[in-house]
Structures are given as C-alpha cells and as structure tokens.
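Engineer: sequence first, predicted coordinates after that:
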Amino acid sequence: MKFKGGIHPHYRKVTADRPIRELPLLPRYIVPIGQHIGAPGEVIVERGQEVLRGQALTKPAGFVSVPVHAPTSGKIKKIADYAHPMGRPQLAIELIPDGEDRWSDEISPVGDWRELSPNILRDAIRDAGIVGMGGATFPTHVKLSPPADKPIDLLILNGAECEPYLTSDHRIMLESAADVNEGIGLMMRVLGVDKAVVGIENNKVDAREALAVSRPPGLDITYELLETKYPQGSEKHLIYALSGREVPAGGLPMDAGIVVQNVGTAAACLEAVRDGHPMTERVVTVTGGAVAHPDNLLVRVGTPLQDVIDFCGGLAVDTGKIIYGGPMMGMVQFDLDSPILKGTSGVLCLKDEEVSQFEGGPCIRCGNCVDACPMFLVPSQMGLLVERSRWEDLGDHHLSDCIECGSCAYVCPSRRPLVQYFKRGKLEWRAWQEKQQNESEQNNESA
Amino acid sequence: MSTPIKECIAVEKLVVSAAPHVHSGQDVRQVMRDVILALLPAVLVGIWYFGVDAARVLILAVGGCLFFEAVMNRLLKRPSTLGNLSAALTGVLLAMNMPSSSPWWLVLVGTGVAIILGKAIYGGLGYNPFNPALVARVLLLISFPVQMTRWVVPQGLGTGFDAATGATPLGAAKEAASLGTPLAEVGVPGSMDLLLGNVGGSFGEVSALALLAGGLFLMWRGIIRWQIPVGFIGAVVLITGVAHLAAPEKYLDPLIHVLAGGLILGAFFMATDMVTSPVTRRGMLIFGVGCGVLTAVIRLWGGYPEGVSFAILLMNAATPLIDRYTRPRVFGGQRRQLFADRSES
C-alpha cells in the first residue's frame, strides 16, 4: 500500500557502495549520560577510575532509562557538562583510552536467544543500553514491553532509510544480514509474535536480497520493497504501507497491534544477547558535499565529531552546515566536540551552496504543503496561526499529530520555516492548555 | 585530501537552523514566471488579432502594476517585491481582461486599483482575499461600462487601428434574449473561430486553444490542480447544457459557452490564483463548481452577458469558509466529518 503525500527529494546516497570501515582508537571519548528519550542514568563511576570496555558507566534511573558504557578501556578524566548534539551542554563522562581496548570481565554471552525467556532477553537488551538506532533513541526494552491490554501480532522492521544521503542501515542489511535476521527472531520471541515484516525502499533491492537469502529456517519473516518516497520510514507510514493499518491519531503503533524497530537495532539486540556486547559502537554515514571522502564508519559511541571528520579527510573550506542525521530531520551541530551518540545515523556536512535558507516570505496559499503532508494536516494554515500567536486554535488543527518530517517546508515556494513554527507551536499550545487548566482549577476552588 | 577542519573552518560561520536542511528549490518567482509563460500563447494570439493596440494595453498594464507595487513598497517601507513577479503577473492578467481599445488612462486606473486596493492594503502578496486583477476589472466594468465593453473586431496584426467594433458572442446572445429575438438571427461565431480567437472580446480571452495550452502546461508543472478548472467548466457545461436542451432557441450551445467569453481564461488562470482559492483538493473542487454555477446563472439569467469575473470574486469571498470545512481527515483520525475525506490527488 502507498501512503498519500510525501516528497521525492534528491537521494544522493553516494556512500551506498562503501563497505563499513572501523574508525581507529582515538585519544579521547566523551560519553553523555543522556543518549535516549527518558531519564538519563545515574553515574556509577568516579573521576580517575580505570574502566574497561563495555563496563557500565551509569545505571538506569527508572523504567524508561538505559545505561551507557565505556567505549574502550582507559581512565575517566572528568565528569562534567560537555557539548551535546541536542544543543544544550549535558553531563558527560570524558574517557582517556589506555590503548589496550580490553573488554570488561563482566562481558560474557547471555546465551542462545531461542532458549532464553522473554524477560531475560528484555533485561539483557536494557542492560546493554540499546535504544532505537534510527534516530528516535527510544529505549528498545520499553518498546518490547507492550502492556497486556495491547496485544501485538506483528513486528515491523524499519529498513526504509528514507532520509537522503544516509546509507548506514543499507550497509548493515548488506553486511550483517544474518545478524539482522537473528535479531528479528529474538525480538519476535520477546514480543511473542509469529510474524515479522521488513520494509525496505526499492532503491535498496540488494539489501532485500541479502536478508532474504539468509532468513533463518522456521521464522516467518517477509521482506517487502516499498516505494522510494520520503517519509517512507516514518513509523506510522511504514505501518500503513506494510499492513494497511492506520495508527490512531495521537496513538502509538501498539494501538494498531504493531511494534516497529530499526534493522540496526535488531542486530544490536542480537549482539547484546549472543556476545553480551553492550552498545558501544554504531555505523555512521559520513557524507555531504563538504566531506573529502564520504564513507560508512563503525564509530565508538562518544567519538568527537572532529575525529570522524578528520578520518574522512577533513572538510571543505566553504562548509556551511554540519548535521547529525539526515537533511530532512537531522539536528544541526555547531561544536566540533559534539560526540557521536547511539542515535547518530549520519554526519552530514553541507557546503554553503548546498545549504537551503528558509527566510520565510508570505504564504501564497499554493497548497503544496497540503499535498505533501503525510499526516493530512494543513501546514499553511497552522503556520499562519503560529505567526499570529493563535495558540488556542492549534489543537483544532491537529498540530500535535505533526511528525515534523519537513515535507511541507521542503516544498514551500515561500521557504517558510514551517517545522520550526510547529516545534514552537507545540510548546506554546501545551503551555496554553496548562494555563487554561490551572485557571479552571482556580475557578473551581474559588467557587 | 583537503586541509583539516581546525585550520580552515570558522565554526561561528556554520549555519544553525531547524530541520529540514534541504529544499526543493522552487520559489515564488518561479511559480509566477511559469504562470506568465503559460499566458504567453494567448497573449501572442491576442496581439496577432488585435494588433499593436493590444501590445500597448499589455505594456501599460504590466508597467503600471510594477510602478504601483514599487510605490506601495516604498510607502509601506517594505523591501522590493518586484522580483517575485507577482505584480507583473497581475499586470498581464489585467491586460488580458481588458478590451484592446482601452484608453491609456483606463489601463493605468486599473493597475492602481489592482495593486493598491486589490493587494497592498491587505498587506501585500498572500494576504489579499480577492484576485487583484479581477477587483480592478470589475471596478472598471462598473465605473466605465462604455470603454470596458467597446469590443474591437479582430483586424489582424498591422492592419491599422480600425475602430470597427462589434458585440461579443455572449453579448449578442444576451441582447437577443432581452429583445426576444431568436438566437439564429444574431449570428453567433462558429466554434472554430472561438477556438482560435477570431472573435470580439477582451484581448486575452479570445483564443480558447492558446489558453488551454497554457493551462495544461501549468497542470503539468504542478502549479495548478485539475479540480478548479474541471469543476468550473464542468458546472458551466452542465447548467448551460440543460438550459440549451430545454430551450435551444433561447439558450446558446454549451460548447459556445465554454469557448466564448472569459471562461477558459477564468477557469485556468484567474480562479486558480493560489492566494484567493482554497488549499485543499476537495475545497478546490467545491470552489471550481461554485464558480461554474455562478457564471452559468449570471450568463443565462443575470443582467450581464458575462459572469466569470463576478463568479470568481464571489467564490474568493467564500474561500476561507471552504478551507475551514474541507480540512482533510488527519492520518489515523476518525472518518466521520462532513467533507473531511482527503480526495485523491
């Protein structure tokens, strides 16, 4: 099934044929304690302490929380606020490697997932610090723990990789097809589902082939090619394309009986159980016109941006923008110490001429955004409401259903910064709602 | 290998902004340019049939609109908007909606009305509720009915400024109807003349074929959608067709209704004005059908022989309401609201 709306940006997947290479050990790593959606963990190491690779540096603070681990063996230099890819500095642990890259003694295989109980598997996934690797960074064990009143009958694997430029999932599917498949089986066991579907955009036929030939016997996994269209990898649209089900507005995939996981996350789950390896590295696509040698790299979590770029031959003089993630939803970077996180799928460096400015003229009501919006909203009108500070009307226009995919801004001939408007609008609308609620409560009290 | 980043990149120079970081490349200027390009065939046919006089009206109208746009920008202390070509487009459309015999002052008054009253006082491009060119045309039609309906019979390029005038096909039919004369006696031009433009009328509305070519070009470019023109013309055909079948001696053939007058120009180029028409597909269809119904009613039973301009302006006023009630059903939302389904694109 095809979803309505969406756009066809230039894909520029220039690194699709580049095999994954490992980045050598570096002189320092900066590991933020908050790399996922939810509460950051509590630091359990001290300044000056010697740590080994894979050793937990934090412990989860609550259910929606995961630990972070030492990317290599070495000494903790400092625990302080460091540059963080999300913008504001955050607490991070600076690690100076000893160069030996020794694994912690505690690291040992959990066992064969086919023989382990779902609870043990789930705990292993949490302890390994695994989060959604597509970029949303939601703790994976939480997604694999649907409440009893939400029966799940289908696991969907996101191999769409619809963001332009990015090829990390593509390479993982090609090079680690068996691990991805085993990881899918593991997740199926945790969820207790019999069926899984992997959705792959039809610009990656080779990835589908690689997965299909290595399908483990006895597992009902199918591999579907999808139209190459942005945002095919949006959770709700992937679900619709593969199952025909619509996730209810304001709801979660589990409301449609489905759990969605990224293909890279599946492979990471397998490693966590089979080898006992926590998430200390990930595949990152380093690309864009400003990078001398675009590549797919296996990078330790906590690697400073600077080192990744240097390894790829440095940047052009006229570099205009550096982005973590893809060009449609990625987060802009302005500090070269900003570390690679568990959710960093790409480092995109654009030249001045590749950077699109969104200066924002008046809306000419062309309707392009209405056609492009995959959530069937009316972005033009919502943009005007934000401009006029009419927060109270935003709920009626379903602003909260906006997935911030950027399709509207991409097609806007007036280059209005619509996504920026909507991010602000969501905050303001929530604040307005809270204010209303407080006022009505006060009225009730005084009455 | 390029120089390492530390030595040549000024981090302060990096652009910091919210996603998305790429754009389709389309801008307002391109949109307006495409519409002007699409109007070119009809403009050339107009000049071919009406001669240098038509070119004069065109130049005056475009020049006037650019002039008033510049004046208003300066008065309102706004950056220049001449580059987005919207004022130029308004000029072209206004010229095409005027007789080629229009005196120079009439054209200039029209451009002033279009830019100042039609657009600038609302806040400029994007904020005007009514199509500026049509505001001007209707104001001129009501204020200067003699000059605005002095239809020159096509004389061909360079055949001199012969002042021969004649009625438009629709005008003739309306007159016949009011006098009670049978249609056959007033001599309505054949559909081939109407297609090519060899009839009396406003300078840009005469050649249905040239206008259709431009309209299809705009659809191919994705600038206009089929809903407005198809709804508009379809409704006119339906209503005038029923009337014609019921009383052929009194009402014109629907084909004449489509090809004569400003219907094609209006349906493809005036009603589809983005700023003043709905943004949803379903809204566009309702808007188009509304324009068609009003046009047919005015033509058949109203006081004016032609109703396209009035119809579009009336529907412009309804646009916010149409948008409000045709908002698509949100993805994953309930399928219950009236009109709330998203039409296929």
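Structural biologist: Done, it's in.

Engineer: output the below-cut-off pLDDT ranges for the stretch 51-200 of chain B.
Structural biologist: Under the criterion pLDDT under 70, the flagged ranges of the stretch 51-200 of chain B are B:153-167, B:183-192, B:196-198, B:200.

Engineer: surely residue B:109 and residue B:147 touch.
Structural biologist: No. Using Cβ atoms under 8 Å as the test, residue B:109 is too far from residue B:147 to be in contact (10.2 Å). (Glycine included, C-beta is placed from N, CA and C.)

Engineer: joint contacts of these two?
Structural biologist: Common neighbours of residue B:109 and residue B:147 (criterion: Cβ atoms under 8 Å, 6 or more residues apart in numbering or on different chains): residue B:140.

Engineer: how much space between residue A:189 and chain B?
Structural biologist: Noted for residue A:189: a distance of 29 Å to chain B, by Cβ to the nearest Cβ, to the nearest Å.

Engineer: surely that residue forms part of a strand?
Structural biologist: No. Assessed with DSSP: H, G, I helix; E, B strand; the rest coil, residue A:189 is helix; it does not lie in a strand.

Engineer: and it, what does it touch?
Structural biologist: Per Cβ under 8 Å, 6+ apart, neighbours of residue A:189: A:113, A:114, A:118, A:121.

Engineer: of the residues you listed, keep whichever come out buried.
Structural biologist: Neighbour counting by 16 or more other Cβ atoms under 10 Å in any protein chain shown classes A:113, A:118, A:121 among those as buried.

Engineer: quick one: secondary structure of the last one?
Structural biologist: Just to be clear, that refers to residue A:121. helix.

Engineer: and it, what does it touch?
Structural biologist: Contact analysis of residue A:121 by Cβ under 8 Å, 6+ apart lists A:110, A:113, A:186, A:189, A:190, A:273.

Engineer: the closest residue to chain A within the stretch 101-250 of chain B sits in which helix or strand?
Structural biologist: In the stretch 101-250 of chain B, the residue found nearest to chain A is residue B:126; the distance is 3.3 Å by Cβ to the nearest Cβ. Under the criterion DSSP states H and E, no helix or strand holds residue B:126.

Engineer: in terms of contact, does it touch residue A:360 like I think?
Structural biologist: No. Using Cβ under 8 Å, residue B:126 is not in contact with residue A:360, being 11.3 Å away.

Engineer: which one of the buried ones among the contacts of residue A:189 is nearest to chain B?
Structural biologist: Closest to chain B, out of all of these and judged by Cβ to the nearest Cβ, is residue A:118, at 28.7 Å.

Engineer: just give the nearest non-adjacent residue to that closest one, would you?
Structural biologist: Closest residue to residue A:118 apart from its sequence neighbours, by Cβ to Cβ, 6 or more residues apart in numbering or on different chains: residue A:190 at 4.6 Å.

Engineer: neighbours around the one you found, how many?
Structural biologist: Around residue A:190 there are 27 other residues, counting by other Cβ atoms under 10 Å in any protein chain shown.

Engineer: roughly how far does it sit from chain B?
Structural biologist: Counting by Cβ to the nearest Cβ, the separation of residue A:190 from chain B is 26 Å.

Engineer: and for residue A:299?
Structural biologist: In terms of Cβ to the nearest Cβ, residue A:299 sits 16 Å off from chain B.

Engineer: stretch A:404-424 near chain B anywhere?
Structural biologist: Yes. Applying Cβ under 8 Å from any Cβ of the partner chain, one finds stretch A:404-424 touching chain B at A:404, A:406, A:409-415, A:417, A:419-420, A:423.

Engineer: and which of the buried ones among the contacts of residue A:189 is nearest to residue B:315?
Structural biologist: Distance to residue B:315 across these (Cβ to Cβ) is lowest for residue A:118, with 60.6 Å.

Engineer: and the one helix or strand residue A:31 maps to, what does it pack onto?
Structural biologist: Secondary structure from DSSP H and E places residue A:31 in strand A:29-32. Contacts defined by 3 or more Cβ pairs under 8 Å, 6 or more residues apart in numbering or on different chains; DSSP states H and E place strand A:29-32 against strand A:74-82, strand A:90-97.

Engineer: for stretch A:378-388, buried residues please.
Structural biologist: A:378, A:379, A:380, A:381, A:382, A:383, A:384, A:385, A:386.

Engineer: and the contacts of it?
Structural biologist: For stretch A:378-388, contacts defined as Cβ under 8 Å, 6+ apart pick out A:363, A:365, A:367, A:369-370, A:373, A:391, A:393-394, A:397, A:399, A:402, A:408, A:416, A:418, A:421-422, A:424-425, A:428, B:279-280, B:323, B:327-328.

Engineer: please redo it, this time with the cut-off set to 7 Å
Structural biologist: With contacts defined as Cβ atoms under 7 Å, 6 or more residues apart in numbering or on different chains, stretch A:378-388 is touched by A:363, A:365, A:369-370, A:373, A:393-394, A:397, A:399, A:408, A:416, A:418, A:421-422, A:424-425, B:279-280, B:327.

Engineer: what ranges do the helices span in the stretch 101-250 of chain B?
Structural biologist: Here the stretch 101-250 of chain B has its helices, by DSSP state H, counting those that start in this stretch, at B:104-112, B:132-143, B:145-148, B:169-179, B:191-196, B:208-220, B:227-246.

Engineer: mind putting these into TSV with distance to residue B:12 and mean neighbour count?
Structural biologist: Shown next, in TSV, are the helices of the stretch 101-250 of chain B (distance: least, Cβ to Cβ, whole Å; neighbours: other Cβ atoms under 10 Å in any protein chain shown):
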stretch	distance to residue B:12	mean neighbour count
helix B:104-112	47	20
helix B:132-143	44	22
helix B:145-148	60	14
helix B:169-179	66	19
helix B:191-196	63	17
helix B:208-220	44	20
helix B:227-246	48	20
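
Engineer: residues from the stretch 101-250 of chain A in reach of chain B?
Structural biologist: A:164, A:236, A:246, A:247, A:248, A:249 (Cβ under 7 Å from any Cβ of the partner chain).

Engineer: ok, now with 10 Å
Structural biologist: Contact residues (Cβ under 10 Å from any Cβ of the partner chain) of the stretch 101-250 of chain A with chain B: A:163-165, A:230, A:234, A:236-237, A:239-240, A:245-250.

Engineer: pull the most distant pair out of the residues you listed.
Structural biologist: A:165 and A:248 (32.5 Å).
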